[in-house]
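Undergrad: Everything below, folded, please.
(2 chains)
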Amino acid sequence: MKEKNMKLLRISIIHVFLVIAVVISVFPFFWMITGATNASVDITKGTMKLGKALKDNWSNLQSSANILQISWNTIKTTVIYTILSILICSMAGYGFEKYRSKGKNIVYAMFLLSMMIPFSAQMIPLFKMAAKGNMLDSHIAIILPTLAMPFLVFFFRQSFQSYPNELIEAARVDGANEFVIFFQLVFMPMKSTFAAAAIYAFMKQWNNYLWPLIVIQSNEKKTFSLLLSSLASAYYVDYGQLMLAIVFATLPIIIVFLTMQKQFVEGIVGSSK
Amino acid sequence: MKRKAGPNYNWYGWIFISTAFLLYLIFTIYPAGASLMLAFQGMDGGKYVFTGLNNFKRMLGDTIFLQSLKNTFFYLIIQVPVMLVMALSIATLLNSKVLKWKGFFRTSIFLPCVTSLVAYSILFKMMFSMDGIVNQILIHFGILDAPYQYLQNSGWARAVIIIAMLWRWTGYNVIFYLSALQNIPKETFEAAKVDGANAFYVFFKVTIPQLKPIILLTTIMSTNGTLQLFDETMNITQGGPANSTMTVSHYIYNQSFVYAPNFGYASAISYVVVFIMIILAIIQFGVAGKDN
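TA: This is a model prediction of the structure:
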C-alpha cells in the first residue's frame, strides 16, 4: 500500500513539473494572441481576454507599414532560399557520400570546419561585395551568401548513407544518367530527409535578421524580422499593432511545426545521429 | 559490358559538389580570409593600410569592448549550464514511462523554439517593460507595490535577456536529449535495476555517460550561439543601459554599421571571437575525452 502511494506521488510530481513547464512555454503565445485583439491601453492594464480591437490593430498596422508587401517579401525570399539551398546542399551531400572523387575529403573537412567561423567574421567583406555588385537593398543579396550551408551538406551526407549503393549500381547497369538516378531514383524514397532539411532552411531564412538588417535599406524591401524590429524601436510603441505583427510573423512557422512535427524534430536532431 | 564505378564517375562527384563548393569559396572562404586581412589594417588618409597589431592593442584599452566581452562571458557562464540542466531534466521527465499525454507535453515544450529570434525578443521586452504583464502580475499578487523598470537596471536587464534565452532555447535542447534518451537500449536500464540501483544512481551512472556525446554537442552549439548573441540584445535592450548588456557581436555590428565605420577594428574583434570559439571547443572536447 505504501509503495503504491509512493508511486502515485512520483507520477503526480512528474506531471506537476511538466505542467509548470508547459504553462511557462505557452504563456507568451497566449499573451501575444490576446494582445493582438486588444487596444494598447487595455494590454498595458493587464487584460488577458480576447478583445475587440483586432480590426483597429489591423488598420493601424497597415498605416504604419505595407504589411502585404512585407509578407510577400518574406515568403518570396524564404521559399526561393529553401528550394535552392536544399537542391545545392543535397547534391553536395550526395556527391560527397556516393562518389570516390579525389580530394573530396579535404573539401568536406573544410566545409565542417567553417561551421566554427561566426557570421560576424564574414559580414564586412560580404557587405562590401554586395555594394560592389550593386546588390545592396535587393532580395538576391539576402538569399545568395548563405545558400551553401555546411550543416545541410553534412545532414544530407549522413542521410544518404542509408541509401543502398546496389540500387545506384543497378540503375547504372541499366544505362541511367547520374542526374536521373539522383533526381528520380534517390529523391522519392528520401522524401522525409528533404522535408526535414527544407524545414531547417525555411526557419533559418524566415528568422534571418542580422544580414538583412545590414543589406536592406528601403521599407518596400523589408522582411518580417526587420519590420518587427523597427516597429518595436519606435518612440511610441502601439502594443496591439505590434502584437498583431508578431502573430503574422510567427503563425506560419507554428503551423508548419504543428503539421510536420516529426520532420521538424528530425531536421533539428539529424545532426547528432 | 559491366561498367565499374571507376575514374569516370569521379567527375560526376565533383559536378554534384561544384555548386555548393563554388558558393562556399565565394561567400564563406573569401570573406573569412578578407576579414582576417582587414583585422591587421586601419584607415589612413581614406585608405586601408597595414597597421600590424594596432587593432588588437586598441582592444586592451577599449572599455566598451572589455565590457561587452565580460557580458558575453556572463551570459555564457550563467545561461548555458542552467539551460542544459533544465533541458536534461525536462527530457528525462518527458521520457518517463508513466507519463500521460506525452504528445501534448512535447509539442508545448518544443513550441518556443519555432518563434523567430526577433519576435520573441520583442515579446519579452514588452512583457518586462514598465507597463508589461510581469509587473502587472507581480502587483496583482502583492509582490510588488509599484511597477519596476527591469530594463533600466543593468543587473535586471541581463537577467531578462537570460530568462528570455532560457525560454527560447531550453525546448530546443530537450529535443536533442529526448531523442538521445530514446536511443539508449532498454536493457541498459533493466540491468541496473536488477542490480538494485536507485533512480538517482541510474541517472548519474548509466544515463549521463550514455548521453555524453550529445551533451558535448549541445554544449558546443550553445557556446557558439551565445558567443554570437545579437538579435536578443539588439531587440530587448539595444545593449543598454550604459552598455551593460552589449555582447561582442553587437559591438562588432555597432563598430561596422552604426558608429563611424571601422571595418579593420571590427574584423579584429570578430577574429578574437573565432579564437575564443576554437579555444573553448578544444577545452570542451578535452574535458569530454578525459573521462572516457
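Undergrad: only C-alpha atoms for contact and neighbour calcs from this point on.
TA: Fine.
Undergrad: While we're on the closest residue to residue B:24 other than its chain neighbours, how confident is the model there?
TA: Nearest residue to residue B:24, sequence neighbours excluded (C-alpha to C-alpha, 6 or more residues apart in numbering or on different chains): residue A:148, at 5.9 Å. Note on residue A:148: pLDDT of 94.
Undergrad: does residue A:148 really touch residue B:17, like I thought?
TA: No - at 10.3 Å, residue A:148 does not count as touching residue B:17 under the criterion of C-alpha atoms under 8 Å.
Undergrad: In terms of neighbours, single out the busier of those two.
TA: residue A:148 (27 against 24; other C-alpha atoms under 10 Å in any protein chain shown).
Undergrad: Assign a three-state SS to the more buried one, would you?
TA: Secondary structure, DSSP: H, G, I helix; E, B strand; the rest coil: residue A:148 is coil.
Undergrad: contacting residues for it?
TA: Contact analysis of residue A:148 by C-alpha atoms under 8 Å, 6 or more residues apart in numbering or on different chains lists A:85, A:88, A:89, B:20, B:21, B:23, B:24.
Undergrad: and the fourth one, how far is that from chain A?
TA: For residue B:20, the distance to chain A (C-alpha to the nearest C-alpha, to the nearest Å) stands at 5 Å.
Undergrad: my read is that residue is in a helix, agree?
TA: Yes - applying three-state DSSP, one finds residue B:20 inside a helix.
Undergrad: burial measure for it, as a count.
TA: 24.
Undergrad: what do you get for the third one?
TA: Here the number of neighbours of residue A:89 (other C-alpha under 10 Å) works out to 28.
Undergrad: Ramachandran angles for it?
TA: Note on residue A:89: backbone dihedrals following degrees, to the nearest 10 are phi -70, psi -30.
Undergrad: nearest residue to it other than its sequence neighbours?
TA: Using C-alpha to C-alpha, 6+ apart and skipping residues adjacent in sequence, the residue nearest residue A:89 is residue A:153, 4.8 Å away.
Undergrad: correct me, but the one you found touches residue A:87?
TA: No - applying C-alpha under 8 Å as the test, residue A:153 and residue A:87 come out as separate, 10.3 Å apart.
Undergrad: More neighbours: these two, which one.
TA: residue A:153 (28 against 18).
Undergrad: what does stretch A:34-49 contact?
TA: In contact with stretch A:34-49 (C-alpha under 8 Å, 6+ apart) are residues A:31, A:50-57, A:238-244, A:247, B:131-133, B:136-137.
Undergrad: in chain B, which segments are predicted with low confidence?
TA: B:1-8, B:290-292 (pLDDT under 70).
Undergrad: ok, which stretches of it are strands?
TA: B:41-44, B:47-50 (DSSP state E).
Undergrad: can you tell if the last one touches chain A?
TA: To tie it back to what came earlier, the one meant is strand B:47-50. No - counting by C-alpha under 8 Å from any C-alpha of the partner chain, chain A has no neighbours in strand B:47-50; the shortest distance is 13.3 Å.
Undergrad: Restricting to C-alpha, output that strand in CSV.
TA: Taking Å, rounded to 0.1, in the frame of the first residue of the first chain, the C-alpha atoms of strand B:47-50 are listed here in CSV:
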residue,chain,number,x,y,z
LYS,B,47,42.5,54.1,-47.5
TYR,B,48,43.1,50.9,-45.6
VAL,B,49,46.8,50.3,-44.8
PHE,B,50,48.6,47.6,-42.9
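Undergrad: buried stuff in that strand?
TA: In terms of neighbour count (16 or more other C-alpha atoms under 10 Å in any protein chain shown), strand B:47-50 has its buried residues at residue B:50.
Undergrad: next one: the first one
TA: If you call a residue buried by 16+ other C-alpha under 10 Å, then strand B:41-44 has these buried ones: B:41, B:42.
Undergrad: can you tell me which helix or strand the most centrally placed residue in chain A belongs to?
TA: Nearest to the geometric centre of chain A sits residue A:203, at 0.5 Å (C-alpha atoms, centre = their mean). Using DSSP states H and E, residue A:203 falls within helix A:191-206.
Undergrad: and that helix, what does it pack onto?
TA: helix A:67-98, helix A:150-160, helix A:261-269 (3 or more C-alpha pairs under 8 Å, 6 or more residues apart in numbering or on different chains; DSSP states H and E).
Undergrad: Just say which of those helices is most tucked in.
TA: helix A:150-160 (a mean of 22; mean count of other C-alpha atoms under 10 Å in any protein chain shown).
Undergrad: tilt between it and helix A:67-98?
TA: Counting by axes from the mean of the first three to the mean of the last three C-alpha atoms, to 10 degrees, helix A:150-160 points 50 degrees away from the direction of helix A:67-98.
Undergrad: What are the contacting residues of helix A:150-160?
TA: A:86, A:89-90, A:92-94, A:96-97, A:111-112, A:114-115, A:193, A:197, A:270-271.
Undergrad: what's the next secondary structure element after it?
TA: That would be, after helix A:150-160 and using DSSP H and E, helix A:165-173.
Undergrad: right, quick check: the helix or strand following that following helix against chain B, any contact?
TA: Using DSSP H and E, the next helix or strand after helix A:165-173 towards the C-terminus is helix A:178-180. Yes - interface with chain B: helix A:178-180 contributes residue A:178 (C-alpha under 8 Å from any C-alpha).
Undergrad: Pull the distance from helix A:178-180 to the chain's centre.
TA: 29 Å (C-alpha atoms, centre = their mean, to the nearest Å).
Undergrad: quick one: average confidence on that helix?
TA: 89.
Undergrad: by contact count, what packs against it?
TA: Using 3+ C-alpha pairs under 8 Å, 6+ apart, helix A:178-180 sits against no helix or strand.
Undergrad: what residues does it touch?
TA: Here helix A:178-180 has contacts from A:172, B:12, using C-alpha under 8 Å, 6+ apart.
Undergrad: For it, which residues meet the burial criterion?
TA: residue A:178.
Undergrad: Same check on stretch A:98-114?
TA: For stretch A:98-114, the neighbour count (16+ other C-alpha under 10 Å) marks A:98, A:99, A:100, A:101, A:104, A:108, A:111, A:114 as buried.
Undergrad: Let me see the contact set for the fifth one.
TA: Contacts for residue A:104 (C-alpha under 8 Å, 6+ apart) come out as residue A:96.
Undergrad: was I right about residue A:136 contacting residue A:215?
TA: Yes - assessed by C-alpha under 8 Å, residue A:136 is found in contact with residue A:215 at 5.3 Å.
Undergrad: Shouldn't residue A:46 be within a strand?
TA: No - read with three-state DSSP, residue A:46 is coil and lies in no strand.
Undergrad: Residue numbers of the stretch 151-273 of chain A in contact with chain B?
TA: A:172-173, A:178, A:203, A:206-207, A:209-210, A:214, A:225, A:228-229, A:232-233, A:239, A:243, A:246, A:249-250, A:253-254, A:257-258, A:265, A:268-269, A:272.
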